[in-house]
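Chemist: What shape does this take:
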Amino acid sequence: MTTSSFELGHRPSGHLAPPPDYETTEAVELSRLSPATSSTNSLPEYTTLYNNENGDSASSSSTSGFYPTKQLQIQAPGFALIRLPLPPQPDPIYVFNVAATGELDDAEANDPTQAALCTTTYRFGPGKPPKIRFVGDGSQNGQTEEIEISCKGVLTRSTIMRTHLGTFEWRYSSRAERRSAKASVGEEIDCLLILDQVMKVAVAGGKQEERRRKVGQFVRSDGLRTQGSRRSSAGNGGRLMLDLREWFDRKNEAIEMEILAVVSCVSMMKKEVDRRRMHQTMAIMAGASGGS
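Modeler: Down below sits the predicted model:
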């Protein structure tokens, strides 16, 4: 089994580095993400960010809503709905900060060392969940931590992660959630992924109840998905919006949460590509058997 790696790093605008070899196993190295590049008073309506310096606290009643405090643009061309049955061509994935003006800045431009904060081992096939490993300054107290991105069930595309930051689940939105987001984004949303923080709380009778709080969403629409990709593309890029207020007052945890969200979101994108490849392979095999 071969292993390849790529780094989400600096890229001159309009130029792509030679892509890595993508086969059965892939190790993803994520470079340091820089802090938010600006205050956020002038963003558009939907992207108005929470300002932690205005006297509000993460424990206030406003935390019941979703307020993006950080936005990142993940750029990936994705996998077309119809394409020739050729070996998959690797495509680099880039991550950019979204400034208050809406412009994209290199997510690691402020890190001269380009030090890796985490690596991801991605393996194709069932029963092989991707694993995230925090290393160095990206880990808790400098200790290495390994996190599995596990499928929640056989009949669902949702994934779950249990970490020292909490338990989190990526899931695909309902139609009602897409309609609600559309009202704020101002355009039709092709695909909306939701990142929930999942908590267990005690209720009457000594029982426990599951509570969820939305802490992130990955939006793909005409204006936000990667240019050149289509609505029907699988694994294409879009806008990642995060609500990190809960972790602002905890040492390094806001950065750790940001890294976790980015890496796990990329994993969801790769799973989309895997499903598309599998469906196309099944269609080709069915066509071949039908014609024999």
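Chemist: use CA for all of it now, contacts and neighbours both
Modeler: Fine.
Chemist: A helix includes V262, no?
Modeler: Yes: according to DSSP: H, G, I helix; E, B strand; the rest coil, V262 belongs to a helix.
Chemist: And for it, nearest residue in space, chain neighbours not counted?
Modeler: The spatial neighbour of V262 that comes closest, neighbours along the chain excluded (Cα to Cα, 6 or more residues apart in numbering), is L240 at 7.8 Å.
Chemist: now do K152
Modeler: T159 (5.2 Å).
Chemist: ok, now M241?
Modeler: Q71 (4.6 Å).
Chemist: related to what we said a few turns ago, measure the residue nearest to V262 to Q71 for me?
Modeler: The gap separating L240 from Q71 is 6 Å, by Cα to Cα, to the nearest Å.
Chemist: quick one: low-confidence ranges for the stretch 1-150 of the chain?
Modeler: Applying pLDDT under 70 to the stretch 1-150 of the chain flags residues 1-64, 85, 88, 107-114, 124-125, 136-143.
Chemist: try 80
Modeler: Where the stretch 1-150 of the chain drops to pLDDT under 80, the residues are 1-64, 83-91, 106-117, 122-128, 135-144.
Chemist: and the helix or strand in which R277 is found, which residues are buried?
Modeler: Assessed by DSSP states H and E, R277 sits inside helix 253-291. Of the residues in helix 253-291, 253-274, 276-277, 280 count as buried by neighbour count, 16 or more other Cα atoms under 10 Å.
Chemist: who touches the residue lying closest to N236 once chain neighbours are set aside in this structure?
Modeler: Excluding the flanking residues, the one nearest N236 by Cα to Cα, 6+ apart is G78, at 3.7 Å. G78 sits next to 229, 233-237, 273 when contact means Cα atoms under 8 Å, 6 or more residues apart in numbering.
Chemist: Tell me the one of those residues nearest V215?
Modeler: Using Cα to Cα, G237 is the member of the contacts of G78 that lies nearest V215, at 19.0 Å.
Chemist: what's the burial count for the closest one?
Modeler: If you count neighbours by other Cα atoms under 10 Å, G237 ends up with 28.
Chemist: And the strands in this protein, which stretches?
Modeler: 3-8, 25-31, 70-75, 94-98, 104-106, 116-123, 131-134, 145-148, 150-151, 159-163, 166-172, 189-203, 207-221, 238-242 (DSSP state E).
Chemist: still on that earlier bit, quick one: mean pLDDT over the helix holding R277.
Modeler: Helix 253-291 carries an average pLDDT of 87.
Chemist: I'd like to know which elements it is packed against.
Modeler: If you count contacts as 3 or more Cα pairs under 8 Å, 6 or more residues apart in numbering; DSSP states H and E, helix 253-291 packs onto strand 116-123.
Chemist: The nearest residue to A254 once chain neighbours are set aside and S150: what is the separation?
Modeler: Closest residue to A254 in three dimensions, ignoring its sequence neighbours and counting by Cα to Cα, 6+ apart: W247, at 4.9 Å. Remark: distance between W247 and S150 (Cα to Cα) = 24 Å.
Chemist: ok, back up a step: and the contacts of G78, which is closest to E209?
Modeler: Looking across the contacts of G78 and measuring by Cα to Cα, the closest to E209 is G235, at 33.6 Å.
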